[in-house]
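> structure of the sequence below:
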Amino acid sequence: MLKALQLLFASIYIILHFIISIIIGIFPAKVLFLLGFRHAADRILELNGRYLSRGIVISLGGVVHISGVEHLKAEGGRICLVSNHQSYVDIPLIVSYIPLLMGFVAKAELRRIPMLSSWMRALGCVYIDRTSARSSVKAIFDGVKTIKSGHPLVIFPEGTRSRSNGFGEFKPGSLKLATRAKAVILPVTIQNTYKLIEGRWTTKSLRIPIYLTIHPPIPTADLSDEELKALPQRVYDTIESISLD
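Numbers count the residues shown, from 1 in each chain. Got it, this is the predicted structure:
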């Protein structure tokens, strides 16, 4: 009963604050951007996104522990975060607890969710239709351009939620966006977010410890062909190095 009430409260919070975030966040930021005040627009989006996202995580019962924030300073500003993917909560978790304004490589289906699509578009997200080879090529092109402009992107190479503390395989070519942008890859390990929604009914406690680990950076600009070939396994092993039990 308590879990059901907590989920109901979280749902109401999310709906109301999505509406509020569009009014006090996305619209003013868009106006400032059009007037040429890009830094101010980015700052509004960053603060608004963190406020909304942190509220989502907390309202669902998440107690977040983050480590490795010192690794966020990448030379040249070309940053690509590569993370495992457990839950719908992963995006608000990253937005609220990693102090960077960043977009995501997201499924094209999310564009059909009105308020969410507006917010993600404002954050500079790149959409990909996995059923279309042409869309995949365009997503890589758009993503490379975004990263080179100094706007970090987040990739979930598994391509879908694991809904557990296990790992799925990295999708072929999932790191091309990062390597073609000559970005610095920051591997990220997420633990326990699936317990907030997908595994809620099998979890005893209403308060769930969530762990977010940012690993040391992996520069890609000067990697040899052999090193590039081994890169997906290297990133996978780094993310998996944190015990998810």
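> which residues of the protein score low on pLDDT?
1-2, 74-76, 114-119, 243-245 (pLDDT under 70).
> which parts of it are strands?
62-67, 79-83, 103-107, 126-128, 153-155, 184-191, 208-214, 218-219 (DSSP state E).
> G166 is nearest to which of those strands?
strand 184-191 (11.3 Å; C-beta to C-beta). In short, each C-beta sits where N, CA and C put it, glycine included.
> how far off centre is that closest one?
10 Å (C-alpha atoms, centre = their mean, to the nearest Å).
> how about the CA coordinates for it, as PDB?
This file holds the C-alpha atoms of strand 184-191, laid out as PDB (Å, rounded to 0.1, in the frame of the first residue of the first chain):
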ATOM      1  CA  VAL A 184      36.900  12.300 -24.200                       C
ATOM      2  CA  ILE A 185      34.800   9.300 -23.100                       C
ATOM      3  CA  LEU A 186      33.700   9.300 -19.400                       C
ATOM      4  CA  PRO A 187      32.400   5.800 -18.500                       C
ATOM      5  CA  VAL A 188      29.600   5.900 -15.900                       C
ATOM      6  CA  THR A 189      28.200   3.100 -13.800                       C
ATOM      7  CA  ILE A 190      24.600   3.300 -12.500                       C
ATOM      8  CA  GLN A 191      23.400   1.000  -9.700                       C
END
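> helices or strands up against it?
Packing partners of strand 184-191 (3 or more C-beta pairs under 8 Å, 6 or more residues apart in numbering; DSSP states H and E): strand 79-83, helix 90-97, strand 208-214, strand 218-219, helix 225-240.
> and these as JSON lines, adding distance to V69?
Formatted as JSON lines, the helices and strands packed on strand 184-191 follow (distance: least, C-beta to C-beta, whole Å):
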{"stretch": "strand 79-83", "distance to V69": "12"}
{"stretch": "helix 90-97", "distance to V69": "9"}
{"stretch": "strand 208-214", "distance to V69": "6"}
{"stretch": "strand 218-219", "distance to V69": "17"}
{"stretch": "helix 225-240", "distance to V69": "17"}
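> which residue is nearest the middle of the chain?
Most central in the chain under C-alpha atoms, centre = their mean is I91, positioned 4.2 Å from the mean C-alpha point.
> for the nearest residue to S59 once chain neighbours are set aside, give its distance to H17.
Using C-beta to C-beta, 6 or more residues apart in numbering and skipping the chain neighbours, the partner closest in space to S59 is A10 (4.0 Å). Taking C-beta to C-beta, to the nearest Å as the measure, A10 falls 11 Å from H17.
> overlap in contacts, the two.
With contacts taken as C-beta atoms under 8 Å, 6 or more residues apart in numbering, the residues that reach both A10 and H17 are I56.
> the longest helix seen in the chain: which residues count as buried?
Looking across the chain with DSSP state H, the single longest helix is helix 38-59. For helix 38-59, burial by neighbour count (16 or more other C-beta atoms under 10 Å) applies to 41-42, 44-46, 48-59.
> ok, stretch 85-103 next?
For stretch 85-103, a neighbour-count test (16+ other C-beta under 10 Å) marks 85-98, 100-103 as buried.
> swap in stretch 4-21?
Q6, L7, A10, Y13, I14, H17, F18, S21.
> closest one of those to S136?
Using C-beta to C-beta, the buried residues of stretch 4-21 come closest to S136 at F18, 28.8 Å.
> for R121, find the nearest of the helices and strands packed on strand 184-191.
For R121, the closest of the helices and strands packed on strand 184-191 is helix 90-97, at 13.8 Å, according to C-beta to C-beta.
> which residues does that closest one contact?
Counting by C-beta under 8 Å, 6+ apart, 49-54, 56-57, 62, 64, 66, 81, 83, 102, 104, 123, 154, 156, 161, 188, 190, 193, 210, 212 sit against helix 90-97.
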